[in-house]
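>>> how would this look folded up:
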Amino acid sequence: MQAQGKRMKLRVEFQGSLRGIISELASALLKERLSPQSIMAADLVTVGDSWLDLAICGEMIEPIKNPEQQEWFNRLNNRWKVHLRRDHNGQIDPRGEIWGVPYRWGSMVVAYRKDKFAKYKIPAIEDWEDLWRPELRGKISMVDSPREIVGAVLKYMGASYNAKNFEHDVPGGRNAVKEHFLMLQRQVRLFDSVHYLKAFGSGDVWVAVGWTSDVIPAAKRMSNVAVVVPKSGTSLWADLWSIPATSSIPSDKVGGRVRGPSPLIHQWFDFCLQPARATPFEQDVFPGASPLFLPDNMLDNTDKNVSIQGKSTNAFETTPVREGAPQFDTNLVAGMPPANILQKSEFLEPLSDKTLLEYKWLLTDMEEGQGWPSTLWQYLKGIRETFKIAPIRGVR
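Residues are numbered from 1 along each chain as shown. From the prediction side, this is the model:
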């Protein structure tokens, strides 16, 4: 961002995925030299909250200084402040620093083809357990995220996405997790975060499991589709603005950025978190929801009210769909899970060394064929070993 008199010049560069941004940040750090075109020369980059611990541990981003003094910070409720306050190992820490500013959030959902379900008289999908139905074997595509794949198994078994010990935290224990995990693998035809919706759109599969940021735009382009938030709860995701750790790299080619981020970044954060910025989410222009609409207490959100453009509005009432917007069946409310499901949903937390070994144990036992999660595991392992950093959660 550059100041020009009283105006701000904003230059935006789009990347293909959040994973790609992390890769570019890692690559730039390894080169230890910058050019004005480097991603590390940007004032801000988008980081998914599921990549936040990796970005912190790899020293790819730097903390935001003195956020408590900013108006945008006061707009965020305590739920956000708890989730985003991390130590320098990327772990959630009430005494840590703020490493990112959310501009939207959403959830994992399940989309299914109503025409196929009606033709073969298959009951509508309501919860995670429905993915294990025999009639859906080979008819499911899913993102290639280890946390989301294992998380679906854990939710199906009545446990938390953030279960730390499979033997003690999951009904049935460690071996039962493995059994249901391998059963799910046989149900899923394709694990691929890039192509899973293409297979869904072409009719090769009848069910797609993915993030609302992917699924909702695809559903709008299709007919006879329903999008469901599983009733036992789901995982939540957030997209954040973070500051690349450029100042740690010696360079004389980046101009003012090498001395620190632009002083205008707080104005940008404030712009993104103004109540008026929630309107495009409410009107279904952009997938997701405003950070202002995340309840402070997940266990008591039915009376949550927010002020939008001076008007008090219940954040969980159905809002009018803008004229001409594509229609599809869903239990999402203004881009969010309904209140009773949101109570049972959770952000993904960093994995401990011990829990990471549980995931490795599951993933390395996957049968040949749909090896996308194993491929992703090797990708993450390579980054982790390069920077000699702590365990990560890599998903979106």
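>>> when you work out contacts or count neighbours from here on, use the C-alpha atoms and nothing else.
OK.
>>> show me where the stretch 251-396 of the chain has its strands.
With DSSP state E, counting those that start in this stretch as the criterion, the stretch 251-396 of the chain has strands at 305-308, 311-314, 329-330, 346-347.
>>> so for the third one, mean pLDDT?
Spelled out, it's strand 329-330. For strand 329-330, mean pLDDT rounds to 93.
>>> can you tell me the strand partners of that strand and which way each runs?
strand 225-228 (parallel) (DSSP bridges).
>>> ok, residues contacting the strand it pairs with?
Residues outside strand 225-228 that contact it (Cα atoms under 8 Å, 6 or more residues apart in numbering) are 109-115, 125-126, 216, 219, 328-332.
>>> remind me what the next helix-or-strand element following it packs against, helices and strands.
Counting by DSSP states H and E, the element after strand 225-228 in chain order, helix or strand, is strand 235-244. Applying 3 or more Cα pairs under 8 Å, 6 or more residues apart in numbering; DSSP states H and E, one finds that strand 235-244 contacts strand 45-48, strand 61-62, strand 101-113, strand 346-347.
>>> tell me the angle strand 235-244 makes with strand 101-113.
Counting by axes from the mean of the first three to the mean of the last three Cα atoms, to 10 degrees, strand 235-244 lies at 140 degrees to strand 101-113.
>>> show residues contacting strand 235-244.
Outside strand 235-244, the residues that touch it by Cα under 8 Å, 6+ apart are 25, 40-50, 60-64, 99-108, 148, 151, 161, 261, 345-348.
>>> 7 Å instead?
40, 42-49, 60-62, 99-108, 345-348 (Cα atoms under 7 Å, 6 or more residues apart in numbering).
>>> ok, the spatially closest residue to residue 269 that is not a sequence neighbour - contacts?
In space, and not counting its chain neighbours, residue 269 is closest to residue 72: 6.4 Å by Cα to Cα, 6 or more residues apart in numbering. With contact set as Cα under 7 Å, 6+ apart, residue 72 has these partners: 269-270, 273.
>>> separation between residue 72 and residue 295?
According to Cα to Cα, to the nearest Å, residue 72 and residue 295 sit 17 Å apart.
>>> with residue 264 instead?
Note on residue 264: its distance to residue 295, by Cα to Cα, is 29 Å.
>>> so the two - more neighbours on which side?
residue 295 (24 against 14; other Cα atoms under 10 Å).
>>> now do the same contact list for residue 234.
107-108, 345-346.
>>> hmm, residue 173 is touching residue 165, no?
No. With contact defined as Cα atoms under 7 Å, residue 173 does not count as touching residue 165 (8.7 Å).
>>> what is the neighbour count of residue 354?
Every residue meeting other Cα under 10 Å relative to residue 354 is counted, giving 11.
>>> what helix or strand is residue 193 located in?
In the assignment (DSSP H and E), residue 193 maps to no helix and no strand.
>>> which residues does it contact?
143-144.
>>> now do the strands in the stretch 1-150 of the chain.
2-4, 7-9, 45-48, 61-62, 85-86, 97-98, 101-113, 140-142.
>>> low-confidence ranges in this protein?
For the chain, the stretches flagged by pLDDT under 70 are 1-10, 16, 32-33, 248-260, 297-327, 365-396.
>>> recalculate using a threshold of 90.
By pLDDT under 90, the weakly predicted segments of the chain are 1-43, 223, 245-264, 277-287, 295-328, 334-335, 351-354, 356-357, 359-396.
>>> off-centre distance for stretch 102-114?
Chain-centre distance of stretch 102-114: 10 Å, with Cα atoms, centre = their mean, to the nearest Å.
>>> contacting residues around that stretch?
So stretch 102-114 is contacted by 206-212, 224-230, 234-241, 272-273, 288-291, 336 (Cα under 7 Å, 6+ apart).
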